[in-house]
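**Q** Sequence first, then the predicted structure, then my questions.
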Amino acid sequence: MSKQNQRMFFVIFLLLASILAVTSVFASTETAEAPIPQASGSHVAWWVWPLSLFIVTFILGILAVLGGVGGGVLYVPIVGGFFPFHLDFVRGAGLLVALAGALAAGPGLLKRNLASLRLALPVALIASSAAIVGAMIGLALPTNVVQTLLGATIIFIVIIMASAKKSDFPEVPKPDSLSQSLGIMGIYREESLGKDVEWHIHRTPQGLLLFIIIGVMAGMFGLGAGWANVPALNLLMGAPLKISIATSKFLLSITDTSAAWVYINEGAVLPMIVVPSIVGIMLGSIVGVKILVRAKPKAIKWMVIVLLLFAGLRALLKGLGIWK
């Protein structure tokens, strides 16, 4: 075994030990205000759930990279549908999972001049405010209503993923007056072309209005909004695909933070769920990046679509009381 692999296994061992140490502390404390419901007749040891969650999120982290989707989009419907945790806790953890990935990627994207602060800040101001409202709405609604809406949203995301066509360099005949006033434009190095590419955007007012809806949905369901950010920035506003993806990733570090504070303030964030989830997703993402070189993205994309469709239908039927 090479020294690099030895270091990797040592890091994983330390992280697993940390998970068990943290979860053992929280398992021994009183959780009368926010108990984790267990399946009826279940007498499973407490440590089984964090360990299972780590394994599942590790796999989800790999699939998220290979399928080109955010970890939160996979996390909430799958963990919410197949683990005995209240949906409020799952949504709170889902926001923190998406936030962790965004914070890890953000500095590098800004350094490479791919994430645009001028594009992100006005969008973030609107989307983060809307995400706070969405989080409050989501916590106020009955669980079965949120489950039903979550299932419908996931199915809608599946339709977008299956049908949407992205454009590397959308045609923007002329930047609109609002984007010019805000100075939303830039230049980045496009390695595939071997030259610098200058870009600007249009339809800025329509895009900012759309981000109100995106922010509400992100806060309400804890999905993170990468699945919607990229089409809005790329197809509607005309930003190049790489700029859209990088700015969307950076944007999550602002919008998800706003919504996450609402869940934290309401006691809907449990470290026993959050810690193994974040560690699993992050380690899975590292492995996923290495597999991505050899994998066939199209096949993986459809595998993710089928997985999301099943999870979305389960959430929808569960919310309607058809699937217990």
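**A** In hand now; what should we look at?
**Q** Tell me the spacing between residue 143 and residue 282.
**A** Between residue 143 and residue 282 the computed distance is 29 Å (Cβ to Cβ, to the nearest Å). Bear in mind the C-beta positions are built from the backbone N, C-alpha and C, glycine included.
**Q** go on, residue 80?
**A** Look at residue 80 and residue 282: by Cβ to Cβ, they are 20 Å apart.
**Q** Which one's more surrounded, those two?
**A** residue 80 (28 against 18; other Cβ atoms under 10 Å).
**Q** Now the more buried one. Its backbone dihedrals?
**A** As for residue 80, its main-chain torsions (degrees, to the nearest 10) stand at phi -70, psi -30.
**Q** Do a quick rundown of the helices in the chain.
**A** Listed from the start of the chain, the chain has helices (DSSP state H) covering 3-27, 48-67, 71-82, 87-111, 117-140, 143-163, 177-182, 204-221, 226-231, 241-265, 271-292, 297-319.
**Q** And these: which comes nearest residue 198?
**A** Proximity of the helices of the chain to residue 198 was assessed by Cβ to Cβ; the nearest stretch is helix 241-265, lying at 11.2 Å.
**Q** how far out from the middle of the chain is the closest one?
**A** For helix 241-265, the distance between its averaged C-alpha position and the chain's averaged C-alpha position is 8 Å (Cα atoms, centre = their mean, to the nearest Å).
**Q** All further residue positions should be reported with the first residue as 18.
**A** Right, with 18 as the first residue, what we last looked at is helix 258-282.
**Q** how much space is there between the residue nearest the centre of the chain and residue 272?
**A** The structure's the chain has its C-alpha centroid closest to residue 89; by Cα atoms, centre = their mean the separation is 3.1 Å. Counting by Cβ to Cβ, the separation of residue 89 from residue 272 is 11 Å.
**Q** Surely residue 336 is in contact with residue 159?
**A** No: checked against Cβ atoms under 8 Å, the pair residue 336 and residue 159 is beyond contact range at 9.4 Å.
**Q** Which one's more surrounded, the two?
**A** Applying other Cβ under 10 Å to residue 336 and residue 159 shows that residue 336 carries more neighbours, namely 21 against 9.
**Q** What's the mean pLDDT across stretch 320-339?
**A** Looking at stretch 320-339 alone, the average pLDDT works out to 81.
**Q** What are the buried residues along that stretch?
**A** Buried residues in stretch 320-339, defined by neighbour count with 16 or more other Cβ atoms under 10 Å: 321-322, 324-326, 328-336.
**Q** and those as TSV, adding distance to residue 266?
**A** Rendered in TSV, the data for the buried residues of stretch 320-339 read as follows (distance: Cβ to Cβ, whole Å):
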residue	distance to residue 266
321	18
322	21
324	22
325	20
326	25
328	23
329	23
330	28
331	28
332	25
333	28
334	32
335	31
336	30
